[in-house]
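show me how the following folds:
(2 chains, ligands or ions: 2)
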Amino acid sequence: MADASSRVVVVGAGHGGSNAVAFLRQYGWPGEILLVGDEPILPYHRPPLSKAWLKGEATAESLALRPADFYPKQRVTLRLGTRVEAIDRAAKALRLADGESLAYDHLILATGARARRIPLPGADAPHVLTLRNAADADALKAAIGPGKRVVVIGAGWIGLEVAASARALGAEACVLEAQDRVLARVASPGLSAFVDAAHRAHGVDLRLKVGVEAIEAGAVRLADGSRVPADLVLLGVGAAAEDSLARTCGLAEPTGGIRVDHNACTADPAIHAIGDCTIRPLPGGATGRLESVPSATEQAKAAAAHLCGKPAPAPEVPWFWSDQYELRIQVAGLAQGAARAVTRLRTTDKLSVFHLDAMGRVQAVEAVSSAPDFMAGKRLIGLGKPVDAAALADPAQPLAALAVG
Amino acid sequence: MPKITYIEHNGTEHVVDVAIGQTVMQGAVDNNVPGIDADCGGECACATCHVFVDPAWEAKTGTANEQEASMLSFAATKQDNSRLSCQIEVTAALDGLVVRMPEAQH
Ligand SMILES: Cc1cc2nc3c(=O)[nH]c(=O)nc-3n(C[C@H](O)[C@H](O)[C@H](O)COP(=O)(O)OP(=O)(O)OC[C@H]3O[C@@H](n4cnc5c(N)ncnc54)[C@H](O)[C@@H]3O)c2cc1C
Ligand code: FES
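Residues are numbered from 1 along each chain as shown, chains lettered A, B, ... in the order given. Ligands and ions are numbered 1, 2, ... in the order given. Below is the predicted model:
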């Protein structure tokens, strides 16, 4: 059992890492805690990077997850600007970029994800950006301005948020997507269609089923030979688990990611992993990656509880949010494999779609600017009881009758 | 600085100083008060900063705004005095405020 001489080292000072050290103290970890991260600034909120921060509506202070004095007050040694290069599991020690060796009794990997790059000719040019951290966001912010022509490759959450923020900043935005709909990987066709319409209504030049051939100075060349003028290009083609450190000690899967159980424990009992770098248990028995703040928080809690000998917290319904223009998009549960979709609300500025499994239980909800439907859906997913689909489809029937039980 | 008392569901009290202009949620997070996860960082998107305002203080904290009320409408442990603490800004008038945390935020 842990005592005052047991040292936990957390690698990666993002959402998962900062939350893990907080939960470790909340749950009474008696020993030393170190939080080591390679970014030079205090752990911060990542979601605003494509939203409020990009639009200039947030400050460095409001971006920080916790104030600087939080860490010493909680007896956490915070080492920023420090990259961990390798893990020696046999010796239970880390090698830092400057050659220093750092011993641990327990390790929590919270190394997050990295933006995917695609092997396109010209993709290494200086006007081609990705967005994962504050430095990326600052580069993007400096490049976007009124009249600038922003081309986003990939209509995923981050690409679309950047397009929306670019429009708010008075820039032109063109989004190029290979699939036949936006958010193809992460949303149902109903939500995709709604978001598509919103972007077009805000003047985004949205092009589906297009292939990109090359990025040139001042333009993106498409498969049909045409060119889209571009002052800057954002690659929004997804993120891969940042597992290079775990790979140094054999803890990364061949196809990427660090596999963990419901306690966020890896194959090595001395090492936990949390957040975007993990392949984790999902509702319904499958495993996969969940790139969201709530998932990183949930796993931070699970890892801290496990280390402190507390019972595992109850599993949470996965959820996510995105802000685009005046739209607040909230998704809970996983819609993949649902038997049917029930649309409850669809107006020009609101949408709610419930996804039911074969037993008629809600397995996911997608809501746009309809918080009650999102919250009710999230609760129905947690309850796991069949619902009356006809009542769900009828906005005149109160959700309360369905959600309470 | 105004003092705010946060009472965990198990009865544990935390009295902390929170600067004017901060939110009641930030006061909890910055001082590592258990029971307020604040996943969305105050965007009124998550409802994991749910508190019950001590009845004596309800007049001073005011009532939930529209977005907040709709987020709370299906919160598992909603009561009449439920608020999202990220939507309560600390003012001098809130010195002494007492809030209680629900059993679970999720
Ligand atoms: C632009 C953007 C918008 C987003 N919007 C939303 C949203 O609206 N809602 C939502 O739920 N989620 C959103 N996300 C996702 C969310 O931010 C992530 O799921 C969350 O940050 C994951 O936390 P994490 O701790 O796993 O990783 P991160 O927060 O990425 O932290 C990982 C940290 O580890 C550091 N690191 C990596 N390797 C090493 C090493 N070897 N040594 C030292 N340090 C290392 C990294 O530099 C980084 O600081 C968004 C992400 C981005 C990029
Ligand atoms: S912090 Fe998310 S709603 Fe208050």
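
ok, residue B:55 touching residue B:81?
Yes. The pair residue B:55 / residue B:81 is scored as a contact, 6.2 Å apart, by Cβ atoms under 8 Å. Where you see a C-beta, it was placed from the backbone N, CA and C, and this is true even at glycine.

helices along the stretch 1-150 of chain A, start to end?
A:15-26, A:60-63, A:70-73, A:134-143 (DSSP state H, counting those that start in this stretch).

CA atoms only: put the third one into PDB for me.
What it means is helix A:70-73. Coordinates of each C-alpha in helix A:70-73 appear next as PDB, following Å, rounded to 0.1, in the frame of the first residue of the first chain:
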ATOM      1  CA  PHE A  70      -2.700  25.400  -7.100                       C
ATOM      2  CA  TYR A  71       0.200  23.000  -7.700                       C
ATOM      3  CA  PRO A  72       2.400  23.900  -4.700                       C
ATOM      4  CA  LYS A  73      -0.700  24.300  -2.500                       C
END
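
quick one: low-confidence ranges for chain B?
Residue ranges of chain B with pLDDT under 70: none are present.

any chance of CSV for the helices of the stretch 1-150 of chain A, columns mean neighbour count, mean pLDDT and distance to chain B?
Shown next, in CSV, are the helices of the stretch 1-150 of chain A (neighbours: other Cβ atoms under 10 Å in any protein chain shown; pLDDT from 0 to 100; distance: least, Cβ to the nearest Cβ, whole Å):
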stretch, mean neighbour count, mean pLDDT, distance to chain B
helix A:15-26, 26, 98, 4
helix A:60-63, 14, 90, 8
helix A:70-73, 17, 98, 6
helix A:134-143, 16, 97, 14
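
about what we covered before: quick one: which of residue B:55 and residue B:81 has more around it?
Higher neighbour count among residue B:55 and residue B:81: residue B:81, with 16 against 10, using other Cβ atoms under 10 Å in any protein chain shown.

give me the distance between residue B:42 and residue A:249.
Distance, residue B:42 to residue A:249, using Cβ to Cβ, to the nearest Å: 38 Å.

closest one to residue A:95 among the helices of the stretch 1-150 of chain A?
Smallest distance to residue A:95 across those (Cβ to Cβ): 18.5 Å, for helix A:15-26.

do the closest one and ligand 1 come into contact?
Yes. Using Cβ under 6 Å from any ligand atom, helix A:15-26 reaches ligand 1 at A:15, A:16, A:17.

residue A:279 should be in a strand, yeah?
Yes. The assignment for residue A:279 is a strand, going by DSSP: H, G, I helix; E, B strand; the rest coil.

can you tell me the closest non-neighbouring residue to it?
Nearest residue to residue A:279, sequence neighbours excluded (Cβ to Cβ, 6 or more residues apart in numbering or on different chains): residue A:257, at 4.0 Å.

close enough to count as contact, residue B:58 and residue B:81?
Yes. Taking Cβ under 8 Å as the definition, residue B:58 is a contact partner of residue B:81 at 5.9 Å.

so what's the residue count around residue A:37?
For residue A:37, the neighbour count with other Cβ under 10 Å is 25.

right, and it touches residue A:77 too?
No. Using Cβ under 8 Å, residue A:37 is not in contact with residue A:77; the gap is 11.8 Å.

who in chain A is up against chain B?
Listed as neighbours of chain B in chain A under the rule Cβ under 8 Å from any Cβ of the partner chain: A:22, A:25-26, A:45, A:47-48, A:65-67, A:70, A:73-74, A:293-294, A:297, A:301, A:314, A:316-317, A:319, A:321, A:323, A:328, A:330, A:370-372, A:375-376, A:378-379, A:382, A:399-400, A:403.

show the buried residues in the residues you listed.
For those, a burial check counting by 16 or more other Cβ atoms under 10 Å in any protein chain shown picks out A:22, A:25-26, A:45, A:47-48, A:65-66, A:70, A:74, A:293-294, A:297, A:301, A:316-317, A:319, A:321, A:323, A:328, A:330, A:370-372, A:375-376, A:378-379, A:382, A:399, A:403.

the residue nearest in space to the middle of chain B: what's it in contact with?
By Cα atoms, centre = their mean, chain B has its centre lying nearest to residue B:85, at 2.9 Å. Residue B:85 is in contact with B:23, B:24, B:25, B:28, B:36, B:49, B:50, B:51, B:99, counting by Cβ atoms under 8 Å, 6 or more residues apart in numbering or on different chains.

reformat those residues as TSV; add distance to ligand 1, neighbour count and secondary structure.
Below are those laid out as TSV (distance: Cβ to the nearest ligand atom, whole Å; neighbours: other Cβ atoms under 10 Å in any protein chain shown; DSSP: H, G, I helix; E, B strand; the rest coil):
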residue	distance to ligand 1	neighbour count	secondary structure
B:23	19	19	strand
B:24	22	26	helix
B:25	17	26	helix
B:28	20	26	helix
B:36	17	23	coil
B:49	15	29	coil
B:50	18	28	strand
B:51	22	27	strand
B:99	25	25	strand
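
farthest pair within these?
Longest span within the contacts of residue B:85, Cβ to Cβ: B:23 and B:50, 13.3 Å.

which non-adjacent residue is nearest residue 29?
Just so you know, I chose chain A. Nearest one to residue A:29, counting by Cβ to Cβ, 6+ apart, is residue A:308 at 5.5 Å.

you looked at the wrong chain, it should be chain B
Nearest residue to residue B:29, sequence neighbours excluded (Cβ to Cβ, 6+ apart): residue B:38, at 5.4 Å.

so where does that neighbour fall, helix or strand?
Secondary structure assignment for residue B:38, by DSSP states H and E: no helix or strand.

hang on, the earlier thing: and the residue nearest to the centre of chain B, how far from residue A:390?
Distance, residue B:85 to residue A:390, using Cβ to Cβ: 38 Å.

so what touches the strand or helix carrying residue A:246?
Using DSSP H and E, residue A:246 sits within helix A:244-247. The contact list for helix A:244-247 (Cβ under 8 Å, 6+ apart) reads A:11, A:84, A:85, A:86, A:87, A:109, A:111, A:252, A:258, A:266, A:273, A:277.
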